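> pasting the sequence and the predicted model now:
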Amino acid sequence: VGPATGADPAGPDHLTRKAYVDSVAASGTWAPSALGFTAWSFDPAVTAATSAQYCINGWLYLVGVPLHAPATVRQVVFYVAGYVGGKLSASSYAGLYTGAGRRVGVTQSLNKLIPATEGETVACSLTSAYAAEPGNYWVALVVNGPSPSNSGPGFIRGASIGAWPGGSARMPGAFVRHGRLSTTGHTSLPASFSPSSVEDDSNAIWAALA
């Protein structure tokens, strides 16, 4: 009989239960780690093949990412399906928030991080690494400068999301998987916000942590 424990791991080298491992990994499915990520909002293979998400200037988009084990987060990652380049203003940022709405990471201006591209994974480094505990997080995104209808950057998004945010199906009061803040006109990422101010949104942008 091997060593046994009833506790979930609190560190990368801790003994853990088989039931815990089975709950966070399933045979035959793609895990974020297989593609070099720590966690993601959903498998990017199910994103829309024909349309990208252009962001409305000044809206603060929130992309839910579940983290099942402790991890050091150094980057937030997007896939940009296309971008002519040079359209983002200095008041465009990405970052990381806890499920309680506390900002724990922010990038430098995205006008220095997102290149002109016809399809590229874009890893945006946080200004400092964050030691994250398991839980639900939001990757935040605020874009200013380009036309919100066609001049990008165009982020890949969930394949089945239309005018209604079905991808955010949840019980009342539960974590909002795809959302945005109810206020507009953002030129930076606030230090915190109330989760009650998060609205369901049909954006369903794909994001990952690394």
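Perfect, I can see it now.
> contacts, neighbours, all on C-alpha from now
OK.
> where's the closest residue to V142 other than its chain neighbours relative to M171, distance?
Nearest residue to V142 in three dimensions, chain neighbours excluded: L60, at 4.8 Å (C-alpha to C-alpha, 6 or more residues apart in numbering). To M171, L60 is 23 Å away according to C-alpha to C-alpha, to the nearest Å.
> more neighbours, these two?
L60 (27 against 8; other C-alpha atoms under 10 Å).
> direction included, what does the particular helix or strand that has G179 in it pair against?
Using DSSP states H and E, G179 falls within strand 178-181. Here strand 178-181 has these sheet partners by DSSP bridges: strand 60-67 (antiparallel), strand 198-200 (antiparallel).
> deepest of those, which one?
Per residue and on average, the most neighbours among those fall to strand 60-67, with a mean of 24 (mean count of other C-alpha atoms under 10 Å).
> hey, C-alpha coordinates of that strand in PDB?
What follows is strand 60-67, C-alpha atoms only, in PDB (Å, rounded to 0.1, in the frame of the first residue of the first chain):
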ATOM      1  CA  LEU A  60     -13.200  46.500 -20.000                       C
ATOM      2  CA  TYR A  61     -13.600  42.900 -21.100                       C
ATOM      3  CA  LEU A  62     -13.200  40.000 -18.700                       C
ATOM      4  CA  VAL A  63     -12.300  36.500 -19.700                       C
ATOM      5  CA  GLY A  64     -12.800  33.800 -17.000                       C
ATOM      6  CA  VAL A  65     -10.000  31.300 -16.500                       C
ATOM      7  CA  PRO A  66     -10.200  28.500 -13.900                       C
ATOM      8  CA  LEU A  67      -6.900  27.600 -12.200                       C
END
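> contacts for that strand?
With contact meaning C-alpha atoms under 8 Å, 6 or more residues apart in numbering, strand 60-67 is reached by 39-42, 133-143, 176-181, 184, 186, 189, 203-208.
> list the contacts for G119?
Y79, V80, A81, G82.
> if we only consider these, which is nearest to A90?
Checking the contacts of G119 against A90 by C-alpha to C-alpha gives V80 as the nearest, at 18.3 Å.
> now the helices for this protein?
All helices of the chain, identified by DSSP state H, fall at 18-24.
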